[in-house]
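Novice: Generate a structure from the sequence data that follows.
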Amino acid sequence: MTRLTRHTGEGTPQPGALPSPPADRLPDGFAVELAADTRRSRDGHLMLGGSPPRLLRLQAAAVRLLRDGGFVVTDAGSAALARRLLDAGVAHPRPPLPPVRDTTIAIPVRDRADQLDGLLAALRADPATVALPVLVVDDGSRDPDALARVARRHGARLLVHPHNLGPAAARNTALRHARTAYVAFCDSDVVPERGWLAPLLAQFGDPAVALAAPRVVALPVPGPGRLDRYEQVRSPLDMGPREGPVVPVSMLAYVPSATIVVRRCAVGAGFAPGMRVGEDVDLCMRLHEAGWRLRYVPAVRVGHRHRTDLRGWLAQRAGYGTGAADLALRHPGRVPPLYAAPWSLAACALLLRGRPLPAAAALALTAATAVRVARRMPDADAPARAGTLLALAALRGTAEQLLRCATRHHWPLAVAAAATSRRARRVLAVAVLAEGLADHRRSGTSLGPLTHTAIRRLDDLAYGWGVWQGALRRGTAAPLVPRLALPLRHRAGRRPVRRPWEPHPVAPTSHPSATPTAETW
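Specialist: Model prediction:
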């Protein structure tokens with residue numbers, strides 16, 4: 001056991017600028033495969049997919065490479081194409097499974113000796129992780145002896161904070177003591193499935209990948225209650241079944257640190273030690289800004305003991321919300337409550353008027369957008385149909401975001417408006433029911449529609465309350481300010497300068513359903 005004498009944040013390395021990837025080119029032998037939801041034209045020259053969506057126009061050589069839905073990198077040209085497809089999210093890496101080695105497992109914990117025992121038992125029962133070094137960081141437990149006995153029984157090295165510094169600081173302590181190329185962070189309340197680590201380590205065959213994360217799902221419980229069943233489909237730790245790159249202001253904007261694997265040389269000093277909430281989101285954004293890639297691999301599953309007592313559950317949701325202010329100040333424009341194009345916002349506002357003339361104007365805006373999009377893809381199988389569907393998808397995406405804002409981030413404003421306006425009351429009532437019932441249908445939950453809707457509204461009320469608390473505490477409106485998706489203006493004859501791993505400027509667009517930008521490859 002190593003007892004650390006430092007028990008304040010002073011002197012702790014701060015998470016400054018992160019290093020850039022040493023190499024961007026994918027190595028020969030690296031395989032990629034088109035995502036199942038990527039759409040291609042009949043001749044293979046047009047491709048649509050990713051988040052935000054991109055319209056890729058492929059040259060003949062690229063079409064030949066993708067004839068069978070994937071290819072293996074063999075030269076600089078195929079490496080460049082593979083990189084662009086991966087960054088756009090229209091293709092996924094398919095690397096071979098490597099041997100599990102050169103990895104330290106780091107576990108921050110405060111008390112929870114029984115849960116730590118279950119996690120360590122699972123790690124030692126897995127042939128791939130049985131011999132790996134494990135660092136347990138006791139972050140100021142009230143009963144440190146219980147944790148010490150569990151760590152000793154499973155052959156884990158114990159590092160002790162005499163006082164509680166928070167999960168970010170605990171992870172950083174493990175990071176400083178690790179001596180391997182990779183560090184796998186596991187919270188004490190997770191239980192990984194056997195064989196979980198190799199597919200995550202395989203992602204680091206791409207030299208630009210800094211972080212890989214599994215899907216975090218609910219551990220089964222006997223006699224699940226209503227909150228248990230809600231958490232099974234709407235846990236904030238479960239990022240869903242869709243594989244892809246982790247990119248801010250996209251459908252997959254971050255991954256939770258309940259279980260992640262990082263390249264140690266990429267993360268510098270690690271997490272922001274002053275952040276008690278949202279430190280995982282902050283790390284994802286800093287890595288992205290430094291040029292690293294991050295991968296989400298939902299085929300790998302890690303069980304998690306979700307919090308399902310009502311009081312603790314509401315407090316947890318509100319706590320998550322308080323982190324939005326810090327994130328919005330650290331990363332301006334990266335965590336907006338709403339991200340949409342002006343035309344789609346205007347169309348939704350007109351439709352909300354509920355009158356024939358405004359509705360006709362909204363239809364005209366949508367039709368003009370459909371025409372503009374169709375003109376970008378004259379070589380599509382059916383340009384007019386594609387443009388219409390994409391414009392309608394963008395309009396729908398904006399409408400869904402507005403419903404979420406009214407019931408989540410901005411519910412205090414919505415309630416205040418409803419108190420003074422009959423029309424606002426009707427709109428809010430429709431939003432409360434419509435969004436909840438639509439989410440019930442999408443989620444596949446075993447809960448009844450009204451029960452699911454009621455719990456979802458409690459979820460939103462608690463999170464939104466936390467957002468406002470954090471905003472007031474920090475004296476900022478940043479986490480409440482929407483972001484407009486505007487076309488990038490640049491001088492005639494000059495292309496805008498953009499790092500290839502960043503999302504393309506999307507116009508017209510709405511998030512999450514966006515009208516694509518065209519590229520040629």
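
Novice: From residue 43, how far out is residue 224?
Specialist: Using CB to CB, to the nearest Å, one obtains 50 Å as the distance from residue 224 to residue 43. Using the backbone N, CA and C atoms, a C-beta is placed for each residue, glycine as well.

Novice: out of the two, which sits in the busier spot?
Specialist: Higher neighbour count among residue 224 and residue 43: residue 224, with 15 against 10, using other CB atoms under 10 Å.

Novice: tell me the SS of the closest residue to the more buried one other than its chain neighbours?
Specialist: Of all residues not flanking residue 224 in the chain, residue 232 sits nearest, at 7.4 Å (CB to CB, 6 or more residues apart in numbering). In three-state terms, and counting by DSSP: H, G, I helix; E, B strand; the rest coil, residue 232 is helix.

Novice: likewise residue 105?
Specialist: Here residue 105 takes the strand state, with states given by three-state DSSP.

Novice: so how far is residue 137 from it?
Specialist: Per CB to CB, residue 105 is found 12 Å from residue 137.

Novice: Okay, now the unreliable bits of the stretch 1-150 of the chain?
Specialist: Counting by pLDDT under 70, the stretch 1-150 of the chain shows low-confidence ranges at 1, 5-15.

Novice: how does it look with 50?
Specialist: The model of the stretch 1-150 of the chain has pLDDT under 50 over residues 6-12.

Novice: Okay, strands next: where are they in it?
Specialist: Secondary structure of the stretch 1-150 of the chain by DSSP state E, counting those that start in this stretch: the strands cover 2-3, 31-34, 39-40, 46-49, 54-57, 70-72, 91-93, 103-109, 134-139.

Novice: Distance to residue 251 and mean neighbour count added to the ones you listed, as a markdown table?
Specialist: What follows is those, written out as a markdown table (distance: least, CB to CB, whole Å; neighbours: other CB atoms under 10 Å):
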| stretch | distance to residue 251 | mean neighbour count |
| --- | --- | --- |
| strand 2-3 | 42 | 11 |
| strand 31-34 | 18 | 20 |
| strand 39-40 | 16 | 17 |
| strand 46-49 | 12 | 22 |
| strand 54-57 | 13 | 22 |
| strand 70-72 | 22 | 17 |
| strand 91-93 | 15 | 23 |
| strand 103-109 | 28 | 24 |
| strand 134-139 | 33 | 26 |
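
Novice: Dump these into TSV; add distance to residue 417 as well.
Specialist: What follows is those, written out as TSV (distance: least, CB to CB, whole Å):
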stretch	distance to residue 417
strand 2-3	56
strand 31-34	46
strand 39-40	40
strand 46-49	38
strand 54-57	37
strand 70-72	51
strand 91-93	44
strand 103-109	43
strand 134-139	43
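
Novice: who wins for proximity to residue 205 among those strands?
Specialist: Distances from residue 205 to each of those were compared using CB to CB; the shortest belongs to strand 91-93, at 7.3 Å.

Novice: Spell out which residues sit in contact with residue 159, please.
Specialist: With CB atoms under 8 Å, 6 or more residues apart in numbering as the criterion, the residues that contact residue 159 are 1-2, 4, 135-138, 173-174, 177.

Novice: Which one of these is nearest to residue 162?
Specialist: Taking CB to CB as the measure, residue 162 sits nearest to residue 4 out of those, at 7.2 Å.

Novice: what sits against that closest one?
Specialist: Neighbouring residues of residue 4 by CB under 8 Å, 6+ apart: 159-162, 173.

Novice: One more pass at 6 Å, please.
Specialist: The neighbours of residue 4, taking CB atoms under 6 Å, 6 or more residues apart in numbering as the test, are residue 161.

Novice: and if you look at residue 328?
Specialist: Residue 328 is in contact with 335, 478-479, counting by CB under 6 Å, 6+ apart.

Novice: Now do the buried residues in the helix or strand where residue 434 lies.
Specialist: If you go by DSSP states H and E, residue 434 is part of helix 422-443. Judged by neighbour count (16 or more other CB atoms under 10 Å), helix 422-443 contains these buried residues: 424, 427-428, 431-432, 435-436, 439-440.

Novice: if we look at it, which residues are touching it?
Specialist: Helix 422-443 is contacted by residues 233, 403, 406-407, 414, 417-418, 449, 452-453, 456 when judged by CB under 6 Å, 6+ apart.

Novice: cool, stretch 191-209 as well?
Specialist: By CB under 6 Å, 6+ apart, the surrounding residues in contact with stretch 191-209 are 21, 23-24, 95, 97-98, 100, 122, 126, 128-129, 212, 261, 293, 295, 297, 300-303.

Novice: So how do I select the buried members of these in PyMOL?
Specialist: Command for PyMOL, covering only those of those found buried under the criterion 16+ other CB under 10 Å:
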select buried, resi 21+24+95+100+122+126+128+129+212+261+293+295+297+300+301+302+303
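
Novice: In the protein, spot the strand with the most residues.
Specialist: Across the chain, the longest stretch assigned as strand under DSSP state E is strand 293-304.
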